[in-house]
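# after the sequence you'll find the predicted model.
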Amino acid sequence: MIYRSKAPLRIGLAGGGTDVSPYSDQYGGAILNATISLSAYATIEPLVDNQIIVEALDRKEMQQFNWASELPIDGTLDLLKGVYNRVQKDFKIARSGFRLSTFVDAPAGSGLGTSSTLVVSILGAFAEMYKLPLGEYELAHYAFDIERLDLQLAGGKQDQYAATFGGVNFMEFYADDKVIVNPLRIKPEYLHELENNLVLYFTATSRESAMIIKEQVKNVNEKNEKSIDAMHQLKEQARMMKEALLTGRLDEIGRILDYGFQQKRRMAANISNSSIDAIYDAAMHTGATGGKISGAGGGGFMIFYCPLNTRYAVIDALKSFGGDVKKYSFVDYGLTTWKI
């Protein structure tokens, strides 16, 4: 028997950064995101001997161990090993060998929630294999615990919930790790138009989000008024985006995205840079009405809202920067698991 899973990556449309503690604990956060047709995959194949093999096929990394209840966290394939360690610790799964293989449709550090989505996918494969009693909220929170507490990786809470639930969601974040996922019933024609008009562009540079997030956390802890006010505005941006999508006021999407981009730059110093600014300006000059950096910032993917048929002129302008426009579609499914 082989156990498989996949979980979708996401585009953050509004409110990015307000899901990060301590801001979300002190003020409450809100984010609007949507899952797309790029995924993180995990496969577990039981082995007859007592070997544990973990491998990231997209990164061409592999480690092999004699069976152990805990694998070393040493900077290589730590997400894979971290999930195994936590599941083994909490559920005392059978002493048997296996091969855990993963693949992600976007590079690490791209701003589409790759790391957290991969953790959700791996956890889903283990849940399928061992019939772990985890509902959607439980699994998403469990993935958050593994990544943020066990592995001490900086970040927010939205990605684990987006990958688990799927679809277009307005998410609220509160103290004590309370998260409320509100699925949005957007008319199909609105969603098709949004998909048609949003250009997803990879800047050809991945970034280390941890340093940006640490600065954001520091700004909140030190009561930096400029940074905190920017986060308040981003939370309001999420509400603005929700209203625009639900009522079909799509001509406002670009302006709302641009508003958020300007607030993001006030939140932490390294969110944007001269290269990102040049890309953004080129898109705006050729027809985009707004855009944003996906994820924490500093590189990775950017999105631009291009009404009417301006997407073609924008795509042509972006070619000179050496990145790639990525084809995608919105998907309404979250974590999916099966066995064969």
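That came in fine, so what should we check first? Residues are numbered from 1 along each chain as shown.
# residue boundaries of the helices in the stretch 1-150 of the chain?
Shown for the stretch 1-150 of the chain, the helices assigned by DSSP state H, counting those that start in this stretch span residues 23-27, 78-91, 114-130, 136-144.
# and those helices: which comes nearest Arg265?
Of all these, helix 23-27 sits nearest to Arg265, with 16.7 Å by Cβ to Cβ. C-beta: built from backbone N, CA, C; applies to glycine.
# that older thread, could you dump the helices of the stretch 1-150 of the chain into TSV with distance to Asp49 added?
Formatted as TSV, the helices of the stretch 1-150 of the chain follow (distance: least, Cβ to Cβ, whole Å):
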stretch	distance to Asp49
helix 23-27	45
helix 78-91	17
helix 114-130	17
helix 136-144	29
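# and Tyr259, which of those is closest to it?
Per Cβ to Cβ, nearest to Tyr259 of these: helix 23-27, 18.4 Å.
# report the buried residues of the closest one.
Buried residues in helix 23-27, counted by 16 or more other Cβ atoms under 10 Å: 23-25, 27.
# which of the helices of the stretch 1-150 of the chain sits most buried?
The highest mean neighbour count among those, using mean count of other Cβ atoms under 10 Å, belongs to helix 114-130: a mean of 26.
# mind putting the buried residues of helix 23-27 into CSV with pLDDT and distance to Tyr3?
Converted to CSV, these look like this (pLDDT from 0 to 100; distance: Cβ to Cβ, whole Å):
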residue, pLDDT, distance to Tyr3
Tyr23, 94, 37
Ser24, 95, 34
Asp25, 95, 36
Tyr27, 96, 41
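# now, which of these sits nearest Asp159?
Distances from Asp159 to those, taken by Cβ to Cβ, are shortest for Ser24, at 13.7 Å.
# and that closest one, what does it touch?
18, 156-157, 173-175 (Cβ atoms under 8 Å, 6 or more residues apart in numbering).
# narrow those residues to those in strands?
Of the positions in those, Phe173 sit in strands, assigned by DSSP state E.
# return the helix or strand in this structure with minimum mean pLDDT.
The weakest-scoring helix or strand in the chain, judged by mean pLDDT, DSSP states H and E, is helix 209-221 (a mean of 78).
# hey, C-alpha coordinates of the longest helix seen in the chain in PDB?
Looking across the chain with DSSP state H, the single longest helix is helix 225-247. Output in PDB follows, covering the C-alpha atoms of helix 225-247 (Å, rounded to 0.1, in the frame of the first residue of the first chain):
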ATOM      1  CA  GLU A 225       3.600  53.100  15.900                       C
ATOM      2  CA  LYS A 226       4.300  53.300  12.200                       C
ATOM      3  CA  SER A 227       4.600  49.600  11.800                       C
ATOM      4  CA  ILE A 228       1.600  48.800  14.000                       C
ATOM      5  CA  ASP A 229      -0.600  51.300  12.200                       C
ATOM      6  CA  ALA A 230       0.400  49.700   8.900                       C
ATOM      7  CA  MET A 231      -0.800  46.400  10.200                       C
ATOM      8  CA  HIS A 232      -4.000  47.900  11.300                       C
ATOM      9  CA  GLN A 233      -4.500  49.200   7.700                       C
ATOM     10  CA  LEU A 234      -3.600  45.800   6.300                       C
ATOM     11  CA  LYS A 235      -6.300  44.200   8.400                       C
ATOM     12  CA  GLU A 236      -8.800  46.800   7.100                       C
ATOM     13  CA  GLN A 237      -7.500  46.000   3.600                       C
ATOM     14  CA  ALA A 238      -8.600  42.400   4.100                       C
ATOM     15  CA  ARG A 239     -12.200  43.600   4.900                       C
ATOM     16  CA  MET A 240     -12.100  45.900   1.800                       C
ATOM     17  CA  MET A 241     -11.100  43.000  -0.400                       C
ATOM     18  CA  LYS A 242     -13.800  40.700   1.000                       C
ATOM     19  CA  GLU A 243     -16.500  43.200   0.300                       C
ATOM     20  CA  ALA A 244     -15.200  43.900  -3.200                       C
ATOM     21  CA  LEU A 245     -15.100  40.200  -4.100                       C
ATOM     22  CA  LEU A 246     -18.500  39.400  -2.700                       C
ATOM     23  CA  THR A 247     -20.200  42.300  -4.300                       C
END
